[in-house]
Structures are given as structure tokens and as C-alpha cells.
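>>> heads up, no residue letters with this:
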Ligand SMILES: *Cc1c(COP(=O)(O)O)cnc(C)c1O
């Protein structure tokens with residue numbers, strides 16, 4: 001039985017997979033079982049910021065694995081404490097709660113917001129994505145993800161994105177927090193306007209409501225800043241992180257202001273902040289810093305965006321808009337872009353299609369100018385092959 005056949009009978013059929021079986025990665029490239037090389041422009045969905053198998057991260061994991069893999073939160077461990085110090089420095093917030101994924105970071109943020117405000121309700125945005133567990137799913141707008149699992153937690157109101165007055169109008173005396181992505185990722189690379197997040201920050205302050213920013217997809221240099229909220233000159237009260245935090249080693253975190261604190265026993269997880277995950281994350285932050293990846297993301301993202309903006313249609317599918325910030329770029333088409341994902345893959349570039357019509361580019365931040373040219377070359381080839 002081939003691995004693909006085995007998957008079809010042994011694994012829950014939750015994922016729609018591309019028909020390739022990846023066995024190896026290095027830098028911005030991955031190889032499938034037949035040895036075919038692909039330029040990875042998705043980076044494990046905004047995860048492999050430093051590229052695949054970066055030698056410094058591999059070495060940090062190897063060294064930590066030889067020393068201590070797990071011991072639980074019943075004891076102190078050095079990598080967890082060092083990583084918390086780094087995250088406090090980077091986020092400008094004060095205290096960290098560790099977990100293992102983005103959805104768990106959202107759960108922690110919801111519990112903390114309820115705990116400290118003694119209020120129950122949340123306001124989230126249309127087209128939001130915050131995760132798949134029942135709490136985080138309650139903040140996720142997508143109908144097809146929600147409906148089969150209702151009832152979800154009550155008291156979540158969805159309002160139009162990029163409309164601060166909609167938030168103002170939705171606040172009640174039960175509102176604990178407003179939860180937003182600074183750039184909606186799964187929702188189709190929708191970027192908050194400058195005024196929007198500033199106005200939301202002012203409204204939250206005036207109405208005594210917490211502002212939770214979800215940086216799970218945007219964090220760690222993706223948008224040309226360590227965190228996307230920095231582009232807006234605001235600071236959240238609580239923020240969530242995961243994806244790029246461990247460059248592929250599973251880890252999530254929630255950061256919060258000093259006065260927003262759980263009590264002992266309020267929350268926890270067996271694996272959370274384990275030495276191996278934290279060692280991988282410390283090495284990831286070190287590589288982002290020492291290789292100047294945040295700045296690279298801004299410069300190379302502008303190059304990619306400019307190249308894509310000159311394309312009018314692909315395979316007969318007209319481009320509605322090309323949007324991007326740093327190396328988080330989407331081409332929005334008039335109709336579904338699944339076929340374009342296949343055409344790009346057949347030409348050696350891995351991309352995905354989100355929100356049905358948005359072809360999404362999230363390459364490692366280590367991508368080179370030549371590799372960006374290669375990606376643009378493939379996109380132009382597709383444009384030409386369809387006579388556009
Ligand atoms: C991916 C994502 C999540 C969920 O993260 P998981 O690690 O898949 O649970 C939450 N918020 C945003 C913005 C995301 O992109």
C-alpha cells in the first residue's frame with residue numbers, strides 16, 4: 001500500500017491534501033518521494049519562517065533532546081523561562097502563558113478575558129479565523145466550520161471587519177473583549193486599515209473592554225514587523241501567537257498585560273512550554289534576529305507584491321486585487337483558485353487557495369531575490385499559457 005492509499009483508510013478524512021508526498025525540506029525547498037523539487041511558498045502555513053531544517057534550529061533541538069525532553073510544569077525549566085523573557089521583550093507585554101497551538105492560545109485568551117473582567121461575551125470580525133477547538137471556533141466566523149458543531153459558546157457577536165463603529169455598536173455591559181486579526185489570514189489576506197485598529201483601541205479603552213489581537217499567522221516577522229499590530233502604533237491587552245513561534249516545532253503562547261493575571265490552578269497543559277519546544281523557539285527567534293528576517297520580509301514582500309500586481313488574469317480567471325504586507329500576500333480572483341494551485345505545483349511552486357478565491361503566498365522569510373523571481377516566473381508562465 002502506498003502512503004497515500006494508507007492515509008485514505010487510516011486517517012480521519014478531515015484534510016484535503018495536494019497529491020504529493022513530501023519527504024525532505026531544506027531552506028525554501030521541499031522534495032517529494034519521487035525526488036521532485038518544489039519552491040515552498042506556503043512554509044507550512046506561515047510556520048517555517050526560517051526555512052526548512054535551519055541548521056541552528058536543528059542543532060538547538062538536537063542539543064536539548066540529548067539533555068531534557070520533558071518534565072511537566074510541576075517544575076521550573078530554563079528554556080521556558082528564557083523564552084518568556086524574550087517574548088516579553090518582543091511583545092512589550094508582561095506575562096506569558098505557554099501552550100501548544102494557535103487554537104489553544106485563543107482558548108487561554110478567552111479564559112483570561114472572562115476571568116479578569118468577570119464578563120462573558122466577545123466581539124469578533126466577519127471572516128475571522130481563530131482556531132478549531134470549541135472556544136476558538138466560537139470566535140471563528142466561517143459558517144461551514146461552525147454549523148456542524150453548534151451549539152458553540154454563546155455571547156459572540158460578529159461585526160464587519162474594518163468598521164470601528166460596528167464594534168462600538170456591538171459592545172454591551174457583558175462584553176469582555178474584542179478579538180481581531182491585524183491581517184486576516186485564512187479570511188483572504190485582508191489588511192486592517194490604519195485608522196481601524198487605532199479607533200478600535202480607543203473604543204476599547206473608553207468602554208473598558210479588552211483588545212485581544214491574534215498574531216498566530218502574522219507574528220514573527222511575517223508582515224515586515226515582529227508583530228502586525230506594530231504597524232498601527234497600538235498595543236493589545238492580550239495577544240496570541242503560535243505558527244512561526246517554533247519554526248515547525250509545535251508551540252503557542254499568549255501574552256498579557258501585567259494586571260491581567262490568572263490565579264494558580266486556573267489553566268494549564270501537560271506539554272505546554274516544554275524544554276524541547278522552547279529550545280526550538282529560542283533558536284527561531286535568534287535566527288530571525290541574526291539574519292535580519294523582519295527587514296527582509298518587508299523588502300522582499302514589496303518586490304513580490306509589485307511583481308504580482310502586474311498580472312491581470314491567470315488561466316482565464318481575472319484578478320480582482322493583489323493585497324499584501326511583508327511576505328504575506330494574496331491574489332484575489334473573480335472565481336475559485338484551486339486550479340491555479342495545481343498549475344503552480346505542476347510548475348514547481350507550492351501555494352494554497354484560501355477563502356475560495358485568494359491565492360496565498362507565505363514563503364519562508366529566508367527566501368532569496370532569485371527565488372522570488374522564480375515564483376514570479378512561474379506565475380507569468382501560467383498567465384501566458386492561458387493567453388492573458
Ligand atoms: C492558524 C491560525 C489559528 C489556529 O492555529 P492552530 O495552531 O492551527 O490551532 C488561529 N488564528 C489564526 C489567525 C491562524 O492563522
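The structure has been received and is ready for your questions. Since the model is a prediction, treat every value here as computed from it, not as a measurement.

>>> give the contact list for residue 43.
28, 49, 51, 362, 363, 364 (C-beta atoms under 8 Å, 6 or more residues apart in numbering). Where you see a C-beta, it was placed from the backbone N, CA and C, and this is true even at glycine.

>>> contacting residues around the closest residue to the fourth one other than its chain neighbours?
Using C-beta to C-beta, 6 or more residues apart in numbering and skipping residues adjacent in sequence, the residue nearest residue 362 is residue 46, 4.6 Å away. Applying C-beta under 8 Å, 6+ apart to residue 46 gives the contacts 185, 217, 218, 222, 243, 244, 328, 362.

>>> my read is that the fifth one contacts residue 217, right?
Yes - with contact defined as C-beta atoms under 8 Å, residue 243 reaches residue 217; the gap is 5.8 Å.

>>> quick one: residue 322 is in a strand?
Yes - membership of residue 322 in a strand is supported by DSSP: H, G, I helix; E, B strand; the rest coil.

>>> beta partners of it?
Residue 322 has these beta-bridge partners by DSSP bridges: residue 331.

>>> what about it, neighbour count?
21 (other C-beta atoms under 10 Å).

>>> so it sits against residue 333, correct?
No - using C-beta under 8 Å, residue 322 is not in contact with residue 333, being 10.1 Å away.

>>> distance of residue 312 from the ligand?
Separation of residue 312 from the ligand (C-beta to the nearest ligand atom, to the nearest Å) stands at 29 Å.

>>> for that residue, grab phi and psi.
phi -100, psi -30 (degrees, to the nearest 10).

>>> per-domain residue ranges of this structure.
3-53+292-385, 68-290 (automatic domain parsing).

>>> tell me the most buried of those?
A comparison of these by mean neighbour count, using mean count of other C-beta atoms under 10 Å, puts domain 68-290 on top with a mean of 20.

>>> can you get me the start-to-end distance on it?
Domain 68-290 stretches 26 Å from its first residue to its last (C-alpha to C-alpha, to the nearest Å).

>>> which stretches of the stretch 51-200 of the chain form strands?
According to DSSP state E, counting those that start in this stretch, the stretch 51-200 of the chain carries its strands in the segments 95-99, 121-125, 156-159, 175-181, 183-184, 190-191.

>>> give me the residue from this protein nearest the ligand.
With C-beta to the nearest ligand atom, the shortest gap between the chain and the ligand falls at residue 102, namely 2.1 Å.

>>> re earlier: what sits in contact with each of residue 243 and residue 217?
Joint contacts of residue 243 and residue 217 (C-beta under 8 Å, 6+ apart) are 45, 46, 102.

>>> just give me the closest of those residues to residue 232.
Lowest distance from residue 232 to the shared contacts of residue 243 and residue 217 (C-beta to C-beta) belongs to residue 46, with 19.4 Å.

>>> can you tell me how far that closest one is from residue 189?
Look at residue 46 and residue 189: by C-beta to C-beta, to the nearest Å, they are 11 Å apart.

>>> any common contacting residues for these two?
Contacts common to residue 46 and residue 189, judged by C-beta under 8 Å, 6+ apart, are residue 328.

>>> report the contact partners of residue 169.
Residues near residue 169 by C-beta under 8 Å, 6+ apart: residue 159.

>>> how about residue 223, nearest residue that isn't a chain neighbour?
residue 326 (4.0 Å).

>>> what does residue 104 give?
residue 252 (5.2 Å).

>>> so who does residue 305 touch?
322, 324, 329.

>>> gap between it and residue 163?
25 Å.

>>> that older thread, want to throw the strands of the stretch 51-200 of the chain into CSV with distance to the ligand and mean pLDDT?
Converted to CSV, those look like this (distance: least, C-beta to the nearest ligand atom, whole Å; pLDDT from 0 to 100):
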stretch, distance to the ligand, mean pLDDT
strand 95-99, 9, 98
strand 121-125, 11, 98
strand 156-159, 15, 98
strand 175-181, 5, 98
strand 183-184, 8, 98
strand 190-191, 12, 98
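
>>> may I see these organised as CSV, with distance to residue 17 added?
Shown next, in CSV, are the strands of the stretch 51-200 of the chain (distance: least, C-beta to C-beta, whole Å):
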stretch, distance to residue 17
strand 95-99, 26
strand 121-125, 29
strand 156-159, 30
strand 175-181, 25
strand 183-184, 24
strand 190-191, 26
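
>>> can you give me the helices in the stretch 51-200 of the chain?
Listed in chain order, the helices of the stretch 51-200 of the chain (DSSP state H, counting those that start in this stretch) span 55-67, 78-91, 102-117, 134-139, 143-146, 164-170, 194-207.

>>> what comes into contact with the third one?
Helix 102-117 is contacted by residues 97, 99, 119-120, 122, 130-133, 135-136, 139, 176-177, 179, 209-210, 212, 214, 216-217, 238-243, 252-254, 256, 259-263, 266-267, 269, 272 when judged by C-beta under 8 Å, 6+ apart.

>>> also the fifth one?
Contacts of helix 143-146 with the rest of the structure, by C-beta under 8 Å, 6+ apart, involve 132, 137, 138, 140, 152.

>>> with that, I have no additional questions.
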